[in-house]
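> Here is a sequence with its predicted model. Questions after.
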Amino acid sequence: MVAKQHGGEFDVLIVGAGLSGIAAAAHLTMQCPGKSYAIIEQRADMGGTWDLFRYPGIRSDSDMHTLGYRFKPWTEAKAIADGPAIHKYVHETAEEYGITQHIRFRHRVLGADWSTEKACWTVTARREEDGAEVQFTANFLFMCAGYYDYDQGYRPEFPQEASFAGRIIHPQHWPEDLNYAGKKVVVIGSGATAVTIVPVMAETAAKVTMLQRTPTYMASRPAKDWLANSLRAILPDMTAYKITRWRNILMQRFTYNMARKKPQKMSKRLLDMTRKMLPADYPTFEKDFQPPYTPWEQRLCLVPDADMFNAISSGSAEIVTDHIDHFTAKGIKLKSGRELEADIIVTATGLNLVMMGKTELRIDGRPTVPSEHVSYKGTMFNDIPNMASVFGYVNASWTLKTDIVADYVCRLLKTMDAKGAQIANPHLADADMPRLPWVEDFSSGYFARSFDKLPKNGDRHPWRVLQDYKAEKKILTEEPVDDGVMLFSKAGAMAKPLDAAAAPMLEAAE
């Protein structure tokens, strides 16, 4: 048996070098400059989502004034940015804050073991270049691995798909050699990925058909934010960015609240806006564009500069709402009896949701899984010490959550130092507290398929995930870190609070 190699000892170990991981490192650099850290990244480059996905038109489905970092202004003209521009932004941030040298690329995390006796995590990773297992140790573990399986997208099996004579492609594994010019393409799906791919492929393909079982709410907005660009012309970049950022945050929240409080009114408004973007004689509007659910039960699909609607209006793209019966050599036979001919079929069928990059956790030798724990302030989990995790918003930009979780982690580390504590454990004293779903009123397929794998929500603060940036910002940046729930202790004494009475006993025990 080959001995595991040692990768180093750190104060903080960050898992993932995507948007969240780079933000976490930048915040540590700014707020806790004395803390040593490393980032473990399974890919050969940073960027996460924006390095992985290469399908046509890959872009954000949130504006970059809220998806961008709070501390680094987005200065490009387009607020709805393409993948390469976001990838560049992540790289720029890493260079500006000296982060790149701290990243251990091509290291796939396998497991993380917590020791109360030593007050540290031992993280085992496999180095992809030679298969060697490398162990890193750190007092604090910061999980920034995203929310989906990078290895495999969600890919249902379709009847008789082996009979199809063309190519079947999942967007998560887009081939570099794919030439779709002049080809007939069917894109299965109606989510953000499909709505992104269809108009771009339609520019050169012979015809692109988006095949959906049910419609999704769509909302068009300009790719360029006129207010942001106007403000940047007369104000310093950071000032303009802050104004635009808060304007967009408030607008996002207003829209979401309206959708929840007055769903029928919001539904009518969205459908009226969509109807105006299409030809007046569009024959099957209700069937193709009116979802069977209310707005924000699933994410709205952003349509920048009406590109999807323009492709439909020009005839280069169409939407077909039907169910698949089976694949044929020529394409797809529908339940209605219609056959969609295709040279290429794109299965934009979604993601496989996972927590913490599929890392296997052990606490003092005992296996533990996130689904058995309750969220603490949407950041940590009950009775898992010294570990925070970023899981962004389903109703707003992901990175809004990243910034405030990083703020909280830095506050927690400073509090631990001030108390002379090595362990911070959010302890749930009420074993009978109801366990509620991690996210409520959200029916997207990738969540519906994974509810049993997700941590739980409690029925009271601080055991609630609020999906509300303004409220969580106050909780994570203003509420006391030492709140009576978080237990502080020294190595070997996780369950014993570190207070004036306990400290002498703990010191004597050492």
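Good, I have the coordinates. Model, not experiment: these values are computed from the prediction.

> does residue 141 count as helix, strand or coil?
Reduced to three states with DSSP: H, G, I helix; E, B strand; the rest coil, the structure at residue 141 is strand.

> surely it meets residue 16?
No - shown here, residue 141 and residue 16 do not form a contact pair, counting by C-beta atoms under 8 Å, at 11.5 Å. For the C-beta atoms, the positions are set from N, CA and C on the backbone; glycine is no exception.

> Mind listing what's buried along stretch 166-173?
Residues of stretch 166-173 classed as buried: 166, 168, 169, 170, 171, 172 (neighbour count, 16 or more other C-beta atoms under 10 Å).

> contacting residues around the second one?
When you say that, I think you mean residue 168. When contacts are counted by C-beta atoms under 8 Å, 6 or more residues apart in numbering, residue 168 touches 161, 344, 345, 347.

> doesn't residue 49 make contact with residue 67?
No - no contact is recorded between residue 67 and residue 49 when judged using C-beta under 8 Å, the distance being 10.8 Å.

> Which residue ranges of this protein form helices?
Counting by DSSP state H, one finds helices in the chain at the ranges 19-31, 49-52, 64-67, 83-96, 192-201, 226-234, 237-261, 263-277, 285-289, 307-314, 398-419, 445-448, 469-477, 502-509.

> Out of the ones you listed, the one nearest residue 211 is which?
Shortest separation from residue 211 across the helices of the chain is recorded for helix 192-201, at 8.9 Å, computed as C-beta to C-beta.

> just the CA coordinates of that closest one, formatted as PDB?
Listed in PDB are the C-alpha atoms of helix 192-201, where the atom choice follows Å, rounded to 0.1, in the frame of the first residue of the first chain:
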ATOM      1  CA  ALA A 192     -32.100  28.200 -19.400                       C
ATOM      2  CA  THR A 193     -29.600  26.000 -21.300                       C
ATOM      3  CA  ALA A 194     -32.100  25.200 -24.100                       C
ATOM      4  CA  VAL A 195     -33.200  28.900 -24.300                       C
ATOM      5  CA  THR A 196     -29.500  29.900 -24.600                       C
ATOM      6  CA  ILE A 197     -28.500  27.200 -27.200                       C
ATOM      7  CA  VAL A 198     -31.500  27.500 -29.600                       C
ATOM      8  CA  PRO A 199     -31.100  31.000 -30.900                       C
ATOM      9  CA  VAL A 200     -27.300  30.700 -31.300                       C
ATOM     10  CA  MET A 201     -27.500  27.400 -33.200                       C
END
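
> Let me know the angle separating it from helix 83-96.
Put simply, helix 192-201 runs at 120 degrees to helix 83-96, going by axes from the mean of the first three to the mean of the last three C-alpha atoms, to 10 degrees.

> Who are the packing partners of helix 192-201?
strand 184-188, strand 207-212, strand 301-304, helix 307-314, strand 344-347 (3 or more C-beta pairs under 8 Å, 6 or more residues apart in numbering; DSSP states H and E).

> helices and strands around the last one, which ones?
If you count contacts as 3+ C-beta pairs under 8 Å, 6+ apart, strand 344-347 packs onto strand 167-169, strand 184-188, helix 192-201.

> For the longest one, what is the distance to the chain centroid?
Looking back up the chat, that one is helix 192-201. 19 Å (C-alpha atoms, centre = their mean, to the nearest Å).

> in that helix, what's buried?
Using 16+ other C-beta under 10 Å as the test for burial, helix 192-201 gives 192, 193, 194, 195, 196, 197, 198, 199, 200, 201.

> pLDDT score for the fifth one?
Yep, that's residue 196 we're talking about. At residue 196 the predicted local confidence, pLDDT, stands at 96.

> please renumber so the chain begins at 6
All right, first residue 6 from here; so that's residue 201.

> check contacts around it.
For residue 201, the contacting residues are 60, 61, 62, 63, 64, 66, by C-beta under 8 Å, 6+ apart.

> and these as TSV, adding pLDDT and neighbour count?
Rendered in TSV, the data for the contacts of residue 201 read as follows (pLDDT from 0 to 100; neighbours: other C-beta atoms under 10 Å):
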residue	pLDDT	neighbour count
60	95	21
61	95	19
62	94	17
63	95	21
64	94	22
66	87	18
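
> With distance to residue 341 added, can I get the buried residues of helix 197-206 in JSON lines?
Supplementary listing: the buried residues of helix 197-206 in JSON lines, determined by distance: C-beta to C-beta, whole Å:
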{"residue": "197", "distance to residue 341": "26"}
{"residue": "198", "distance to residue 341": "25"}
{"residue": "199", "distance to residue 341": "20"}
{"residue": "200", "distance to residue 341": "23"}
{"residue": "201", "distance to residue 341": "27"}
{"residue": "202", "distance to residue 341": "24"}
{"residue": "203", "distance to residue 341": "21"}
{"residue": "204", "distance to residue 341": "25"}
{"residue": "205", "distance to residue 341": "28"}
{"residue": "206", "distance to residue 341": "24"}
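
> which of those residues lies closest to residue 135?
Distances from residue 135 to these, taken by C-beta to C-beta, are shortest for residue 198, at 34.5 Å.

> Give the closest residue to that closest one in space, chain neighbours not counted.
Excluding the flanking residues, the one nearest residue 198 by C-beta to C-beta, 6 or more residues apart in numbering is residue 353, at 4.4 Å.

> How about residue 428?
Spatial nearest neighbour of residue 428, chain neighbours left out: residue 494 (4.7 Å); criterion: C-beta to C-beta, 6+ apart.

> So the one you found is in contact with residue 427, correct?
Yes - with contacts defined as C-beta under 8 Å, residue 494 counts as touching residue 427 at a distance of 7.5 Å.

> quick one on the thing from earlier: can the contacts of residue 173 go into CSV with extra columns for distance to residue 160, neighbour count and pLDDT?
As requested, the contacts of residue 173 are arranged in CSV below (distance: C-beta to C-beta, whole Å; neighbours: other C-beta atoms under 10 Å; pLDDT from 0 to 100):
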residue, distance to residue 160, neighbour count, pLDDT
166, 10, 16, 94
349, 16, 21, 98
350, 12, 23, 98
352, 6, 22, 96
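
> now for the residues you listed, which pair is the farthest apart?
In terms of C-beta to C-beta, these reach their longest pairwise distance at 166 and 349, which sit 13.3 Å apart.

> can you pull the contacts of residue 289?
When contacts are counted by C-beta under 8 Å, 6+ apart, residue 289 touches residue 326.
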